[in-house]
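Undergrad: got a predicted structure plus its sequence, pasted below:
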Amino acid sequence: MIPAHGAAGMGETGSRQFTPARKVAMRRVVIAEDSVLLREGLTRLLTDRGLEVVAGVGDGAALVKTVHDLAASDALPDVVVSDVRMPPTHTDEGLRACVELRGRYPHLGVLVLSQFVEERYASELLAGSTRGVGYLLKDRVAEVREFADAVVRVAEGGTALDPEVVQQLLSRSRKGDVLANLTPREREVLGLMAEGRTNAAVAKQLVVSDGAVEKHVSNIFLKLGLAQSPEDHRRVLAVLTYLNS
C-alpha cells in the first residue's frame, strides 16, 4: 500500500490543493487495482496532477475488456496503471493482462505497481516492446510529483523503473559476458538510465558534467553493440540488454 504520508497528497490538506509541477498534455489513464480505496486514491492523485482517468477496474479480466472497449470506440488510453497481483488468485493477473494488452496495442503505455520486487514479472514485462514500460514499488509511490511524472513518461513512450527493481535486476545480470567490458561508472550510468533519468539528471546525481555523461552513454552503446538506428530507442535497448543478459 502507499504509505499514509503519501495518501495525504492525494487531494486537499486543509485548504491546500495540488497544482501541477509542470504543464503536461492531457493523458488518458486506466487504473487497475482491486483495493477500492487505493484505486480511488490513485484516481484523485492523477486527476489533481492534470491527467484524465477514464476508467478504474478491480481485476485483470476487467482491465482487458475495458481497454478493448475503449479501443473499439477509438478511445484507446495512453497508459494503463496496474497492480501486478489481482483477483482471483492474486498472483500475476495484472501483469498477464498488461502483457496481453501490449501485444495487441503496441503503443499502449504500461506501468505496473507491485508490493515487492518480483524479478520474473519485471523481466517478462521488459522482454517485449521497448516502448512505454514501467515498474514501481507501491510503498515508494509516496512522492506525488515523481509518480505523476512517471505515469506521463510511460504514456509518452519512456521508461520508469524503481531503483530497487533496477538494483536487483542489474545485480543478477552482472554475470553476463555481454557486460564484461562495462566499467563500474558505466554500470552506474546505465542503472540510472534504467530508472528513466535523462542525461542531465544522471549528471546531477553523479555530480559530473553533462558531457561526461554523454561520453559514458556513447561508450555503453558501443560496448553493447547498439548501432544508431531510426527504428530503435538505444537507451531502452541498452537497459534491456543489461537486464536480459
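TA: Happy to help now that I have it.
Undergrad: look up how far Met193 lies from Val117.
TA: Separation of Val117 from Met193 (CB to CB, to the nearest Å): 19 Å. In short, each C-beta sits where N, CA and C put it, glycine included.
Undergrad: show me what contacts Glu33?
TA: With contact taken as CB atoms under 8 Å, 6 or more residues apart in numbering, Glu33 is in contact with Arg39, Leu42, Gly56, Gly58, Val81, Ser82, Asp83, Met86, Leu113.
Undergrad: pLDDT score for the fourth one?
TA: Looking back up the chat, that one is Gly58. Per-residue confidence (pLDDT) for Gly58: 95.
Undergrad: that one contacts Ile31, correct?
TA: No. Gly58 is beyond contact range of Ile31, at 9.8 Å (criterion: CB atoms under 8 Å).
Undergrad: those two - which one has more neighbours?
TA: Ile31 (28 against 17; other CB atoms under 10 Å).
Undergrad: can you tell me the helix or strand for the more buried one?
TA: In this assignment (DSSP states H and E), Ile31 forms part of strand 28-32.
Undergrad: now stretch 212-222: how far from the chain's centre is it?
TA: 23 Å (CA atoms, centre = their mean, to the nearest Å).
Undergrad: please disregard the earlier target; I meant stretch 63-74.
TA: 21 Å.
Undergrad: in it, what counts as buried?
TA: Residues of stretch 63-74 classed as buried: Leu63, Val64, Thr66, Val67, Leu70 (neighbour count, 16 or more other CB atoms under 10 Å).
Undergrad: please apply the same query to stretch 106-120.
TA: Leu108, Gly109, Val110, Leu111, Val112, Leu113, Ser114, Val117, Glu118.
Undergrad: closest to Gln168 out of those?
TA: Nearest to Gln168 out of those is Val117 (CB to CB; 5.1 Å).
Undergrad: doesn't that closest one fall inside a helix?
TA: No. Under DSSP: H, G, I helix; E, B strand; the rest coil, Val117 sits outside any helix and is assigned coil.
Undergrad: okay, buried residues for stretch 77-90 please.
TA: Neighbour-count burial for stretch 77-90 [16+ other CB under 10 Å]: Pro77, Asp78, Val79, Val80, Val81, Ser82, Asp83, Val84, Arg85, Met86.
Undergrad: tell me the two of these that are most distant?
TA: Spanning the widest gap among the buried residues of stretch 77-90 are Asp78 and Arg85, at 23.9 Å by CB to CB.
Undergrad: re earlier: which helices and strands sit right next to the strand holding Ile31?
TA: helix 36-48, strand 52-57, helix 60-72, strand 79-83 (3 or more CB pairs under 8 Å, 6 or more residues apart in numbering; DSSP states H and E).
Undergrad: redo that, cut-off 6 Å
TA: Applying 3 or more CB pairs under 6 Å, 6 or more residues apart in numbering; DSSP states H and E, we find strand 28-32 packed against helix 36-48, strand 52-57, strand 79-83.
Undergrad: will you turn the ones you listed into TSV that also has distance to Val207?
TA: Shown next, in TSV, are the helices and strands packed on strand 28-32 (distance: least, CB to CB, whole Å):
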stretch	distance to Val207
helix 36-48	32
strand 52-57	38
strand 79-83	33
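Undergrad: just say which of these is most tucked in.
TA: Burial of the helices and strands packed on strand 28-32 is given as mean neighbour count (mean count of other CB atoms under 10 Å); strand 79-83 ranks first at a mean of 27.
Undergrad: got the angle between that strand and strand 52-57?
TA: Interaxial angle, strand 79-83 versus strand 52-57 (axes from the mean of the first three to the mean of the last three CA atoms, to 10 degrees): 40 degrees.
Undergrad: angle of strand 79-83 against helix 60-72?
TA: 170 degrees.
Undergrad: what lines up beside strand 79-83 in the sheet?
TA: Strand pairing for strand 79-83, determined by DSSP bridges: strand 28-32 (parallel), strand 109-114 (parallel).
Undergrad: only the C-alpha atoms, please, for the strand holding Ile31, written as CSV.
TA: Output in CSV follows, covering the C-alpha atoms of strand 28-32 (Å, rounded to 0.1, in the frame of the first residue of the first chain):
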residue,chain,number,x,y,z
ARG,A,28,-5.8,9.3,-20.6
VAL,A,29,-5.3,6.7,-18.0
VAL,A,30,-6.9,3.4,-17.0
ILE,A,31,-6.3,2.2,-13.4
ALA,A,32,-6.4,-1.5,-12.4
